[in-house]
Structures are given as C-alpha cells and as structure tokens.
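Chemist: coordinates only, no sequence provided:
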C-alpha cells in the first residue's frame, strides 16, 4: 500500500462517516425519494451510461464471452437497474423496527431496535449493475457505502454511481453516502480492509481469490460468500417423481448459482431402482457425473469420483454422486465435504426430515424443495446484496434486515442500580 | 508461533469440533444435567480447588492487592460458582428457538431457528471464576469452548474445568466440549486467533492490551469488549432530584465497571443552578473532576479538562464535565469522544429523549435511568459472557441468545424454482 492509498481511503471513509450520520436519521420518505430520483437519473442518462460502458469494453479487449456478457450494458439492462431501485424504494424501511421488547421487574422498559450499520465497504468484480443494487440497498438500510468495483467496469460504475449521488442530492441527503473508490489501485483495497473504526463492514462479492484475500487481510468485520457446495439427499422414503423433478431443478435450472446442487446423496436401499432414473434425466439434459464406488456398483458406466471431486463447487452441469446409509450417513458426508451453505432432503418421512434438518450445520436446510431456493427474492427479502456463508451476524441471503445492526432503547422513571 | 503451538491448537480444536456435533444436537435435559453435575463436582472438590488456587497465588508473588482480590478463591466463591452453574441450568434453552417464521406464496414455509455457533475460543485474564461462567454459558448454548485463561490462575482453572468436564461425562456428553488451553505459551493464543475454520468465534475478556492484540491478529470473527466511555446527559428539562440520584449511581455505584459514567454533559441553561448540586454530591463522596471552560465558568474551582481527559475511560472516581447546548450539542460531544457503549439522558421532555435516543450510535441508550444498568443480569439475560462493543452480530450484554447463530429450515411439498 502506498501512502497515497491510505490518504485517499481516509478522506473517502471520513466523508462516508460524516454522510452516514444524517442518513441514519433520515426517515423513509427521504430515502425512498433518493432512490426514485436515482432511478429517474438512470433512465435520463441511459445514453451516457451506455457510452461509458462501450468505452470500458473497448479498453479491455480479449475478454471471454461470458465476461463480456456480464459486463455489457444494454438499454434493457439500464432499465432493469432503474426498476430495481424503484423496487427497493417499495420495500419497508428496515431501520427502526422493534425486534424485541420487554419490561423488567424494576419497571425499566427495554426495546431492541434495528439501526443502520454505519459505513459499508463493498468490493466486487465485473458486473456494473452491482453498483446500482448494492448502492441502493445500503442507502435504504441507512448506511453509507464505499464501492470498489472491477477495473474493467470503472467508467460504467462511475456513470451509475453518479445517478445514485444525484438522487441523494435531489432528496436533500448527502451525496457522499454513496461513493466509488477514487482509484483502481489494488493498494486501495488493502487500505479498505485495514480501515477498522472507519469502515464497519466489508462485503466482498466475487470469485474465490477475491473473497479469500479479503478474509485473510481484513481487520474489519466481513460478511463473506465463500462457497456453495450444496447437497441434495434422496432418502429411502422419497417420492420418486418428486425426487426426479427437484433434482433436475436443483442441479440444472441454473448451474452457475451458489445454491445449485453439486452432490447427490442417495440411500443404498433405493439406489438400484432410483439412481438410473435420476441420472438418466440429468444425462439427457447434458449433465456428467463423478460417482463413488457404491454408486458405480449400481451403474458401472459412471466415472469414478475422488475426494477432490466431492470437495469441488462445479458451478457447471457436473454432479457428484454418492450412496449413503440413511440420514446419519448423509450428514457425515455433508459434514466432511460441505461448505455449510444449503442442503435438501427429499423424503415422505417427517422424522427423517427432522433428523436431517437438525443435524446439518448449514445456513439453509430444505425438506422436499430445490436447493436453488436459497435466494433473497425467494425468501421474500425483495433484494439481496449477497449470500453469507459465515456463522456470525447473518447467514444465507443478506437483504435489508441483515444489513442492519440494533440498539437497546431503555426507558426509565429514575431507576438506579443502587 | 512455534510449530508446537500450531499442532497443539489443531489437536485441541479438532477435538472441540468433534465434541460440538453431539453437543449441538443434545437436548436441554442432557445439557442441564451436565451443568448440575458440574456444580456438584465444584462443591465436592472445593478443597482441591482451593489448594490449586493457593498454589497459583504462591507461585506469583508480588502481585497487587486488587489483583490478589480478583484471583483469590474462598469457600464462598467456590459455592458462588456452583450456584452460577445451577442458575444457568435453570435458564431456558437458547437453541432451537424459532426467531421468525413465514410462508411464501408458493407454499414454502420458512423458519429462522437459533442454532449453536460451533467452537468458541475464550481468551481471558486473571479471575478463575471465568472458567466456570464461560464454560457453562457455552455448554448451555450448545457450543464447545476452548478456554485460555491467565497464567497466574492456571492451576485453579484446571481444577474448575475438571469439574465441568466431569459434569459433561456424567451427563453422557463429550468432555472435550470444555477444554483448557494445553499450554500457557503466548504463541498458543496466536494459533487460536489464526484458526479460521476450526474456531468459529473468539471472545477476549480483559484489558485493552489483550483486546487490541486479539482485534489486530484475529483471522476468526471476534466479539470484543473494547471500551466503555459512557455519558450521562442532563437535559435542561431534567428533574433535578432525579438527575442527582441517577448521576451518583451512574458514576459511583461501582467505578470499575464498563457501564459507569465517565463524562457528565449538562445543558448550558441549567448548569448554573444544577451543576454545583450534582458535583457537590459527588465531591462529598470522593469524586474528582476535569471540566471544560464553560463548566469552569460556572464553577471556577474545577480543574480544566483536555481532549485526552474526555477520551479517557477512568474506571475510577473521576468525572469529566462539559456544558453543551441542547440535544444536538450532547450528540456531537458523544460522537466525538464516545465509544458507542452506553449513554443516558435525564429529562422530563419526551421529544428530547427521542431525539437523543435516535441520534446516538451506541449499543445502549437510556432515558431517565443509570448507565450502570448495562448488564446481562439487569437486562434479564440471566448471565452474560461479556459486553460487546462492535456493531456486528451482538451489541451490549452477551447472554445465551447472543451466543447462538441461526439457520433457515424450509419445508416444501416438491417446489422447484423452474
């Protein structure tokens, strides 16, 4: 880190902290007005945003097709960003909710009330729309945000952040509540990670390399999405048709999302009858497999799986397969290879489902539903800033409520401890 | 860190993780039985514990009187530890509580359920009773704990931890759910702080040096108690008698606790009439003062305060005094010098109280009550493992509920995202 980065971070973070004070105390009308003005600005400045995006793409030749797909903005995508902001304005205000309330024998009334976190540092990779989504979610949650996106989208991010700042200004809120990193220097990221006391929370969103660097270097609390190595367990009492339908969705609906199933576990008793059906469906849709010895005893055509396969988040049309002995066998496999993200059991046996859901350490457990439901929208959160895979503060989809902290408000009539 | 420490930590933490699995799934009866058996063992082995404590004290000559007072065990203190364990057994089980529950339009039922954290690393200083309190709280919260106490109390801690392990054994639970650090080497603490993936949470309890080292070195989430620089603000509409009574308690009931008031803020309008009364009470009880220029204009006898005084957590019969202009003036002072711990306003004006409680960033705000109420017992939590001063996961007193994380349990009937 150069001194320049430390100075730039200090200036930006102090401006964010100053802006966070009035933002935290702003009511819902001002915050929603800022979001709607920002959405209008995105629509009004669509041509400007698209031309910034064209300049980004022109400056970064030789990028992969999938990268280009994520990084390219179109008029429809700009409109989708604007609609996203309007939708966040429609969500209830997470700040000020009474989370719990009780009265003590001495008459003190204690309330736990949701409050903004303060200043959030968001570190992300290519997609330019993250600037709009993350900026808007933090704004609605009453926290200032310092956004550091990928270099390949720097011009697009600046044009989009300009709209959010315009919205804040029009609503009478401090525009420094949404800031972009003033430099793309990697050392600035290091300065963000060390900014204890200036930044309250770091949210990394991107590949393993980024997330691991953040977890290793951060001196600030981190809400990280590490890995989604999700399992679907077909119990012996599964309804075969339901198992087929759910597994197809869990593996193949979208293979690149963290909630997609990477490993199928199936009870030994039903493997001979059910495994060929389940894998036949998937194979017909282009899926390939890595199977353990017991699964290969049922279907010798399957390629052999190693421990490394069972530890791999494929994010592709590839499925690990293992035969297990009942719920405890499935739990032992998940405990050994899983990432505590999302696991599903398919069964008609309620006691087995209870045993499974009690036994996993994962943030989300499902009974008779697809692992792909691990998503803020599907949870009813409206929008999410990411999925948290740690155990502290928030787990699973992180929406507006999870972007808040809380305070205790205690009302007395002169009580002393004495 | 030597390789020895890394190896010792790895062995201990893996044993703790293995023990955490059955402990997390143990029901309330088994956990409470372990606590009651442990309490019985403390009583039965009182002589053994007192002799270990005598050996600790003999091995550490030249300690200060206040240190000796904290480190010395007596038959009454051993009985108090045993009673503390029985009381924790009486508390409701924090694990398995449904924190929220809702049904989605597609029929999925989603519940957020409290779950154990996993493995907690507790790093603390002298008091031997922390071994009993912290071990029992973690046990009841369903988490394994690795305790690393001060070297001066190592023998006492081992005798006490032996009782907790005996309780676990008698209840059929794995005794490695409560472990002492196998070495007092400082490098072992470093190994704990770097044990991401093996330890889920570090709780430091001790002086600033310890807490700052933990915050600087930890690669594991930390629930830290940093500083308690608490303010009592006497608003112009305060009831004078209530203000006198509360300030006496807030400053002098116990000066060494983190919730004691370090700074008095008083409105300019009432300072001439009220300040002499408030400080007169305190001076008569032995308190000394550091006052800003405006307070000294009212009472020239007061010594002058510097910014450093206003930034100091005295933990002693010393009070900083500043005259402010209304709620916003008080908030500006607190934002500049406070530690976001606990602040109180004394006023008969409900709107002023609202403005104050809305404006602070602190974990606890009180209206017409003493700052010394910031305590798990006073909140009704039954027992606390400490006070958290960060913004993530838990703030304020940390009791059994705050020692838990949560999971989502989703019940479907074959839903897919499609």
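Modeler: Great, that's in hand. Everything numeric here is computed off the predicted structure, so don't read it as measured data.
Chemist: make it CA atoms for all contacts and neighbour counts henceforth
Modeler: Noted.
Chemist: tell me what the longest strand anywhere in chain A is packed against?
Modeler: The longest strand of chain A (DSSP state E) is strand A:404-415. Applying 3 or more Cα pairs under 8 Å, 6 or more residues apart in numbering or on different chains; DSSP states H and E, we find strand A:404-415 packed against strand A:109-116, helix B:240-252, strand B:364-369.
Chemist: point out the most buried one among the ones you listed.
Modeler: Neighbour counts (mean count of other Cα atoms under 10 Å in any protein chain shown) averaged over each of these peak at strand B:364-369, with a mean of 28.
Chemist: now that strand and strand A:109-116, what's the angle there?
Modeler: 150 degrees (axes from the mean of the first three to the mean of the last three Cα atoms, to 10 degrees).
Chemist: which strands and helices sit next to strand B:364-369?
Modeler: By 3+ Cα pairs under 8 Å, 6+ apart, strand B:364-369 packs against strand A:404-415, helix B:240-252, strand B:342-346, helix B:350-359.
Chemist: not counting its own residues, what contacts it?
Modeler: With Cα atoms under 8 Å, 6 or more residues apart in numbering or on different chains as the test, strand B:364-369 has contacts from A:407-416, B:242, B:246, B:341-347, B:353, B:357, B:374, B:396.
Chemist: for stretch A:273-292, same thing?
Modeler: A:240, A:243-244, A:247-248, A:252, A:266, A:298-299, A:302-306, A:309, A:317-323.
Chemist: any idea how far apart the tips of that stretch sit?
Modeler: 17 Å (Cα to Cα, to the nearest Å).
Chemist: tell me the buried residues in it?
Modeler: Residues of stretch A:273-292 classed as buried: A:274-275, A:277-279, A:282, A:287-292 (neighbour count, 16 or more other Cα atoms under 10 Å in any protein chain shown).
Chemist: which phi and psi does the closest residue to chain B within the stretch 251-400 of chain A have?
Modeler: In the stretch 251-400 of chain A, the residue that lies nearest chain B is residue A:393 (3.7 Å; Cα to the nearest Cα). Dihedral pair for residue A:393: phi 70, psi -70, per degrees, to the nearest 10.
Chemist: about what we covered before: out of the contacts of stretch A:273-292, who's near chain B?
Modeler: By Cα under 8 Å from any Cα of the partner chain, no member of the contacts of stretch A:273-292 lies near chain B.
Chemist: pairing partners for the longest strand of chain A, with directions?
Modeler: Sheet partners assigned to strand A:404-415 using DSSP bridges are listed as strand A:109-116 (antiparallel), strand B:364-369 (parallel).
Chemist: next to chain B in this structure, residues from the stretch 101-250 of chain A, please.
Modeler: A:104, A:110, A:117, A:200, A:215-216, A:218-219, A:221, A:242, A:245-246, A:249-250.
Chemist: need the contact partners of the longest strand of chain A.
Modeler: So strand A:404-415 is contacted by A:94-95, A:106-117, A:141, B:242, B:245-246, B:357, B:361-370, B:391-393, B:395-396 (Cα under 8 Å, 6+ apart).
Chemist: residue A:122 belongs to a helix?
Modeler: No. Note on residue A:122: no helix contains this position according to DSSP: H, G, I helix; E, B strand; the rest coil, which reports strand.
Chemist: who's it bridged to?
Modeler: Beta-bridge partners for residue A:122, by DSSP bridges, are residue A:147, residue A:203.
Chemist: my read: it touches residue A:143, true?
Modeler: No. Taking Cα atoms under 8 Å as the definition, residue A:122 is not a contact partner of residue A:143, at 11.8 Å.
Chemist: the two: who's more crowded?
Modeler: residue A:143 (30 against 26; other Cα atoms under 10 Å in any protein chain shown).
Chemist: next, the contact list for the nearest residue to that one once chain neighbours are set aside, please.
Modeler: Once flanking residues are discounted, residue A:143 sits nearest to residue A:118: 4.8 Å by Cα to Cα, 6 or more residues apart in numbering or on different chains. Shown in contact with residue A:118 (Cα under 8 Å, 6+ apart): A:17, A:20-21, A:24, A:142-144, A:199-200.
Chemist: one more time with 7 Å
Modeler: A:17, A:20, A:143-144, A:200 (Cα atoms under 7 Å, 6 or more residues apart in numbering or on different chains).
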